[in-house]
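# Turn this into a model:
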Amino acid sequence: MKLYPNPATNFINFEIQQHNNDRIYDLIVYNFLGKKIDQIKGISSRTTVHLDNYYNGLYIFQLRDQRGNLVESGKFNVVK
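Model prediction:
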């Protein structure tokens with residue numbers, strides 16, 4: 001998965017690099033304490049997350065398939 005810009009201010013783009021066109025994923029975002037902040041369902045290739053309700057800090061994302069299996073995870077930074 002490619003995400004940019006990182007660090008992010010107003011928005012961040014998530015782009016699935018090795019995607020199969022018929023696969024649908026859920027993107028789940030947690031703060032650094034492990035609390036779920038956001039969940040975007042039904043992404044197939046690219047999505048933009050607006051960071052209006054995000055505070056400064058480090059966030060962890062998980063990309064999960066429709067069965068709930070973890071496909072990829074990583075982190076990004078929000079700087080406002």
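# show me where this structure has strands.
2-4, 11-15, 25-31, 36-43, 46-50, 57-65, 70-78 (DSSP state E).
# Now render those as a markdown table, adding mean pLDDT and mean neighbour count.
From N, CA and C alone the C-beta is placed, and that goes for glycine too. Output for these, formatted as a markdown table (pLDDT from 0 to 100; neighbours: other CB atoms under 10 Å):
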| stretch | mean pLDDT | mean neighbour count |
| --- | --- | --- |
| strand 2-4 | 96 | 12 |
| strand 11-15 | 96 | 17 |
| strand 25-31 | 97 | 19 |
| strand 36-43 | 95 | 13 |
| strand 46-50 | 94 | 14 |
| strand 57-65 | 96 | 16 |
| strand 70-78 | 96 | 14 |
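# who's sitting farthest from the centroid in the protein?
Asp22 (19.3 Å; CA atoms, centre = their mean).
# From Ile28, how far off is that residue?
Asp22 sits 21 Å away from Ile28, going by CB to CB, to the nearest Å.
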